[in-house]
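Engineer: just a sequence and a predicted model for now, questions to come.
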Amino acid sequence: MCGISGIIGFSDKEEVSRRIQTMTDAIAHRGPDDQGIYVDDFIALGHRRLAIIDLSSAGHQPMWDFEKRYTIVYNGEIYNFKEIKSQINDYPFQSNSDTEVLLAAYRKWGSGMLEKLAGMFAFAIFDKVTNETFIARDRLGIKPLYYYHQNGVFVFSSEVRSLLKSGFLKAALNHSALGDYFSYQTIHAPNTIIENVFCLMPGHFALIKNKELNIHKYWSLQNSIDKDAIHHSIDQIKSNVKSLLYQAVERRLVSDVDFGAFLSGGIDSSAVVAIMSEVHSKKVKTFNVSFDESEFSEARFANIIAKKYNTDHTEIRLSPQMFLESLPEALSALDHPSGDGPNSYIVSKATKKGGITMALSGLGGDELFAGYPVFKRMHSNKALNLFTSLPKPLRQSAAGVLAYLNKGPASKKLLQISQAKNSSFEELYPIWRKIASQNTINKLLSYDDTHTNFVSKIISSETSDWSNFSNHNLSKISIAEMTTYMQNVLLRDTDQMSMAVALEVRVPFLDHHLVEYVLGVSDHHKFPSYPKKLLIESIEELLPREIVHRPKMGFVLPWEHWLKNEMRSFCSERIDALSQRSFIDEKQLLKRWNQFLKGRKDIRWNDMWICIVLEDYIQKNNLHS
């Protein structure tokens, strides 16, 4: 796991050498073990290394192939690199690294190599003969790759802040993405918070030659669904799910450094730890971060799994005050503003302090196996269908009265639904996922926001041809969750917060073989009569009853109290500063903040937190707003 950067299209070689060094220094936290720079007449490449596989100097990057034609900078892990290596008999390998396997694979198969890769990755390969650069990103967007392409210059990096240090682009706020940010507490790829900075989409590769950028899609969730799974019996499905999950976990244990696992005590992390314990000969190191003041502490459940599988367990007890004290550094670690990042930072930091360089996570289990309430809600909700079948004026009147009588978030959500054109998935899903209504956003911004609803756009694109999957409505929801919230909040936050402390996080539930198969399973076998029913029944012998039937918790912290008390000065300063920005309606923002402080129920702490995070990010990165 590493950080990469590059510049293509420049005239001053000496100047670009300085700039690529500055960009690479900006991502030093991603790779504290080594650094490398390469500059020639066509390209400048930078690399920071976090050594996981082949710790020797043979793994140094940028790395050349044996003929010195191709050079690569690479961030990620290819879990099946030994299998791929065995298929390449005409290459004199000089290392045991997966990086060199990527070089050899590109020499042999070109872009066709991507079909063979199982892993998480973002890399660039430069061809010195053709002066062409090939850039690719993994199927599910686990590893990021940001780029800027203007005036014949192409600049890329693992982090937005590195691009800002390049000197090629103006650090300008992307006003057209603010509506998306306030609607969903993130900005959906390919857009970013910075004007003219984009994210290479998951499952895509790009070719840069003669100052031209051509982007191609090589994989998508919808087009990769296993079409045979629909014909399998439930016993065969459970057997296949178990086998694929074991394979996914085992592949992710390839490492030359100490590793462990996050263990919340939930179903997903418990399943990962259980399988790790069965397939790995050494005692598994597990880490649980708990809050002893909380009545909802998950430590008890984590201890049940740790005891059952005899793990080397570390329980890291934090008080809310300790968490609060870590918030400033968590905000400083943000490469891109998000409404949900500090939790990931705290867990990653604590795990890294425990002597671990790589950890497995249960991320993706909820999205794949229907673990969220939205799955049942969107799959079949008779009351909602009845409501949306009413004439629109009647719907709006009823919802308006309810919202007036009860000013809670649920009433406001119903008011948004009342304005929907129909009860289709494409129409209602983007509403369910919103944290703020369009009306609220229009009041908050100083201009009329007419932004495209990117969640609507994404799910329309990713589920555009669903005629052959009539029994796969749950898979449709899974795809929506994976391509919106998971990729643009969970995975982005996990990467930026774990890499801020040089910790690699691997996610077995996002093994593409497992994902493709489970998406092919029909609703009949996958319906969550209780959360993640198919997953639990596939590995039921691994999980104690207390884990299976425990309530879903997660971090329970007094955020509302903090914003109103311990953090009030910090927050008020940023709210006041944001209110002075040209894109914000000063009176409306200050009014909402004061109403929140007075306890108005329909203004939640996270409604204000995303405003605070945005202003903090603007200040730290000196953005022109």
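Structural biologist: It's in.

Engineer: let me know the pLDDT of the residue lying closest to I187 once chain neighbours are set aside.
Structural biologist: Nearest residue to I187, sequence neighbours excluded (C-beta to C-beta, 6 or more residues apart in numbering): A177, at 4.6 Å. Where C-beta positions appear, they are placed from N, C-alpha and C, glycine not excepted. pLDDT recorded at A177 is 94.

Engineer: now do the one 5 residues further on
Structural biologist: The predicted local distance difference test score for F182 is 95.

Engineer: one more: F154?
Structural biologist: 97.

Engineer: what does the one 3 residues further on give?
Structural biologist: At S157, the pLDDT value in this model is 98.

Engineer: beta partners of it?
Structural biologist: Taking DSSP bridges, one obtains S5, Y146 as the residues bridged to S157.

Engineer: tell me how far it lies from R19.
Structural biologist: 11 Å (C-beta to C-beta, to the nearest Å).

Engineer: returning to what we had before: burial of the residue nearest to I187, as a residue count?
Structural biologist: Neighbour count for A177, taken as other C-beta atoms under 10 Å: 19.

Engineer: contacting residues for it?
Structural biologist: Going by C-beta atoms under 8 Å, 6 or more residues apart in numbering, A177 touches I187, N191, T192, I193, H451.

Engineer: run the chain-centre distance for stretch 593-613.
Structural biologist: 25 Å (C-alpha atoms, centre = their mean, to the nearest Å).

Engineer: which positions in that stretch come out as buried?
Structural biologist: 593, 596, 602-613 (16 or more other C-beta atoms under 10 Å).

Engineer: ok, the residue nearest to I187 to T450 distance?
Structural biologist: Noted for A177: a distance of 13 Å to T450, by C-beta to C-beta.

Engineer: what does S162 give?
Structural biologist: 32 Å.

Engineer: okay, those two: which has more neighbours?
Structural biologist: Using other C-beta under 10 Å as the criterion, S162 and T450 rank with S162 on top: 27 against 9.

Engineer: was I right to think that one contacts A26?
Structural biologist: Yes: look at S162 against A26 with C-beta atoms under 8 Å: they come within range, at 4.3 Å.

Engineer: can you give me the pLDDT of the residue most central in space within the chain?
Structural biologist: Centrality entry for the chain: nearest residue to the mean C-alpha point is L491, 1.4 Å, by C-alpha atoms, centre = their mean. Looking at L491, its pLDDT is 97.

Engineer: ok so it is a helix residue?
Structural biologist: Yes: assessed by DSSP: H, G, I helix; E, B strand; the rest coil, L491 belongs to a helix.

Engineer: list the contacts of it.
Structural biologist: So L491 contacts L140, G141, I142, L363, V507 (C-beta under 8 Å, 6+ apart).

Engineer: mind running it again at 10 Å?
Structural biologist: Listed by C-beta atoms under 10 Å, 6 or more residues apart in numbering, the contact partners of L491 are 120, 140-144, 202, 363-364, 482, 485, 505, 507, 510.

Engineer: how near is it to F198?
Structural biologist: Distance of L491 to F198, given as C-beta to C-beta: 17 Å.

Engineer: on that earlier part again, take the contacts of L491 and write them to CSV, including distance to V101.
Structural biologist: Output for those, formatted as CSV (distance: C-beta to C-beta, whole Å):
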residue, distance to V101
M120, 15
L140, 21
G141, 22
I142, 18
K143, 17
P144, 22
P202, 21
L363, 26
G364, 25
M482, 27
Y485, 33
V505, 22
V507, 21
L510, 21
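
Engineer: out of the residues you listed, which comes closest to D34?
Structural biologist: Nearest to D34 among those, counting by C-beta to C-beta, is K143 at 18.4 Å.

Engineer: count the neighbours of the closest residue to the closest one other than its chain neighbours for me.
Structural biologist: Spatial nearest neighbour of K143, excluding adjacent residues (C-beta to C-beta, 6+ apart): A122 at 4.3 Å. A count of nearby residues for A122, using other C-beta under 10 Å, gives 27.

Engineer: doesn't A122 lie inside a helix?
Structural biologist: No: using three-state DSSP, the secondary structure at A122 is strand, not a helix.

Engineer: that one against G6, yeah?
Structural biologist: No: contact criterion C-beta atoms under 10 Å: A122 and G6 do not qualify, at 11.2 Å.

Engineer: the stretch 101-250 of the chain: helices as residue ranges?
Structural biologist: Listed in chain order, the helices of the stretch 101-250 of the chain (DSSP state H, counting those that start in this stretch) span 160-164, 178-184, 234-251.

Engineer: let me have those in JSON lines, extended by distance to A105.
Structural biologist: Converted to JSON lines, the helices of the stretch 101-250 of the chain look like this (distance: least, C-beta to C-beta, whole Å):
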{"stretch": "helix 160-164", "distance to A105": "26"}
{"stretch": "helix 178-184", "distance to A105": "36"}
{"stretch": "helix 234-251", "distance to A105": "17"}
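
Engineer: of these, which is nearest T99?
Structural biologist: The closest of these to T99 is helix 234-251. By C-beta to C-beta, the value is 17.4 Å.

Engineer: now K13. Nearest residue, chain neighbours left out?
Structural biologist: V39 (6.3 Å).

Engineer: quick one, phi psi at the one you found?
Structural biologist: V39 has phi and psi values of phi -140, psi 130 when expressed as degrees, to the nearest 10.

Engineer: how much space between it and H525?
Structural biologist: Distance, V39 to H525, by C-beta to C-beta: 55 Å.

Engineer: repeat for L589
Structural biologist: Noted for L589: a distance of 48 Å to H525, by C-beta to C-beta.

Engineer: try S348
Structural biologist: Note on S348: its distance to H525, by C-beta to C-beta, is 35 Å.

Engineer: who has more neighbours, those two?
Structural biologist: S348 (29 against 19).

Engineer: I'd say the more buried one and T357 touch.
Structural biologist: No: taking contacts as C-beta under 10 Å, S348 lies outside contact range of T357: 11.4 Å.

Engineer: overlap in contacts of those two?
Structural biologist: Common neighbours of S348 and T357 (criterion: C-beta under 10 Å, 6+ apart): A502, L503, E504.

Engineer: ranges for the strands of the stretch 501-625 of the chain?
Structural biologist: With strands called from DSSP state E, counting those that start in this stretch, the stretch 501-625 of the chain shows them at 504-506.

Engineer: where exactly do the helices run in it?
Structural biologist: Here the stretch 501-625 of the chain has its helices, by DSSP H, counting those that start in this stretch, at 512-520, 523-526, 533-538, 545-548, 559-564, 568-579, 586-597, 605-620.

Engineer: let me have those helices in CSV, extended by mean pLDDT.
Structural biologist: Formatted as CSV, the helices of the stretch 501-625 of the chain follow (pLDDT from 0 to 100):
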stretch, mean pLDDT
helix 512-520, 98
helix 523-526, 93
helix 533-538, 96
helix 545-548, 88
helix 559-564, 91
helix 568-579, 97
helix 586-597, 97
helix 605-620, 96
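
Engineer: same list (these) but as JSON lines, adding distance to G46.
Structural biologist: Conversion of those to JSON lines gives the following (distance: least, C-beta to C-beta, whole Å):
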{"stretch": "helix 512-520", "distance to G46": "29"}
{"stretch": "helix 523-526", "distance to G46": "45"}
{"stretch": "helix 533-538", "distance to G46": "41"}
{"stretch": "helix 545-548", "distance to G46": "44"}
{"stretch": "helix 559-564", "distance to G46": "38"}
{"stretch": "helix 568-579", "distance to G46": "33"}
{"stretch": "helix 586-597", "distance to G46": "39"}
{"stretch": "helix 605-620", "distance to G46": "22"}
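
Engineer: out of the ones you listed, flag the one nearest G76.
Structural biologist: That would be helix 512-520 among the helices of the stretch 501-625 of the chain, by C-beta to C-beta, at 13.6 Å.

Engineer: hmm, back to that, could you verify my assumption that the residue nearest to K13 touches L45?
Structural biologist: Yes: using C-beta under 10 Å, V39 is in contact with L45, at 7.7 Å.

Engineer: any common contacting residues for the two?
Structural biologist: I7, I20, P62.
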